[in-house]
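Provide a 3D model corresponding to the input given below.
(one chain, ligands or ions: 1)
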Amino acid sequence: MNLVPVIAIDGPTASGKGTIAEIVAKTLGFHYLDSGALYRLVALAAQKSNIPADYEEKLGNIAATLDARFEAGEISLGTERVTDQIRAEAVGLAASRVAALPGVRAALLQRQRDYRMSPGLVADGRDMGSVVFPDAQLKVFLTATAEARAERRYKQLKQKGITANITVLLQDLQDRDARDESRSVAPLKQSPDARLLDTTAMSIADAVKQVLEWYRGLEIGDARP
Ligand code: DC
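Have a look, this model is predicted:
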């Protein structure tokens, strides 16, 4: 039995889980795993080698030998810094296709589990509570309406000076949700033992506060699901 605590935060794209998970990890002094970044890195590495997003065998090899580094907020692939590149919408869409391949998911499984180190881990993704860390001490399913998520993504892009069309963003987001929810392996869905947090009308600070309250409640023996 692994006693290092894990807080698993799963949810759809643009639900705010990355931001919230990172702040929770910082507050508790825990490690942080952005599992989506691993799928994005596989998609980017495939694009760079001109490998189509459905060539399972090759993509499984890429995932198994991924030379990825996460250091001080920067993400590198080999010697190249790709922090911003992997956030592109096109890479996100390709990641969603690559993530539907069982060979890729299997190749990334142990790598994700290796992040479980003392004093604890906050992991965000789609299957953190259901597959990667089924024994996580706290499982949260974070969600918001598709419209609220598209609006947030639109504002983020605008802040970065990138022009975007909200109707296109909403459609992309719904397509990605549909693919993440309907794939045969590790589909995105709320685990029965996960607590639901709907952030449609909630600030980031309030969402962080709720996750911390749940976690600290567990520490003092409040085991309500
Ligand atoms: O969270 P994100 O948008 O960075 O994730 C990119 C894609 O990777 C997303 O469409 C689904 C996939 N993904 C996954 O299948 N399982 C995870 N644990 C994390 C991400």
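
which non-adjacent residue is nearest the residue nearest the centre of the chain?
Centroid-nearest residue in the chain: Gly125, 2.8 Å away (criterion: C-alpha atoms, centre = their mean). With sequence-adjacent residues excluded and distances taken as C-beta to C-beta, 6 or more residues apart in numbering, Gly125 is closest to Ser35, at 3.5 Å. Using the backbone N, CA and C atoms, a C-beta is placed for each residue, glycine as well.

Quick one: residues contacting the residue nearest to the centre of the chain.
9-10, 33-36, 132 (C-beta atoms under 8 Å, 6 or more residues apart in numbering).

contacting residues for the residue nearest to Gly125?
Contact partners of Ser35, counting by C-beta under 8 Å, 6+ apart, are 108, 112, 123-126, 128, 132.

try it again with 10 Å
8, 10, 21, 99, 108, 111-112, 115, 123-128, 132 (C-beta atoms under 10 Å, 6 or more residues apart in numbering).

Drop anything exposed from those residues.
8, 10, 21, 99, 108, 111-112, 115, 123-128, 132 (16 or more other C-beta atoms under 10 Å).

which of the residues you listed are close to the ligand?
99, 125-127 (C-beta under 6 Å from any ligand atom).

Tabulate these in TSV, adding columns for pLDDT and secondary structure.
TSV is the format used below for those (pLDDT from 0 to 100; DSSP: H, G, I helix; E, B strand; the rest coil):
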residue	pLDDT	secondary structure
Ala99	93	coil
Gly125	95	strand
Arg126	93	coil
Asp127	94	coil
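
Same list as before, those residues that is, but in a markdown table and with distance to Arg153 included.
Below are these laid out as a markdown table (distance: C-beta to C-beta, whole Å):
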| residue | distance to Arg153 |
| --- | --- |
| Ala99 | 19 |
| Gly125 | 18 |
| Arg126 | 17 |
| Asp127 | 22 |
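
before we move on, the earlier item: so which of the contacts of Gly125 would you say is closest to the ligand?
Gly36 (2.4 Å; C-beta to the nearest ligand atom).

Identify the residue spatially nearest to the closest one, adjacent ones excluded.
Gly125 (5.7 Å).

Any idea what the one you found is bridged to?
Asp10 (DSSP bridges).

distance of it from Arg116?
For Gly125, the distance to Arg116 (C-beta to C-beta, to the nearest Å) stands at 14 Å.

Need the residues touching each of those two.
What both Gly125 and Arg116 touch, as defined by C-beta under 10 Å, 6+ apart, is the set 33, 132-133.

pLDDT (mean, whole number) over stretch 152-168?
For stretch 152-168, the mean per-residue pLDDT is 88.

Can you give me the buried ones in it?
Neighbour-count burial for stretch 152-168 [16+ other C-beta under 10 Å]: 152-154, 157, 164.
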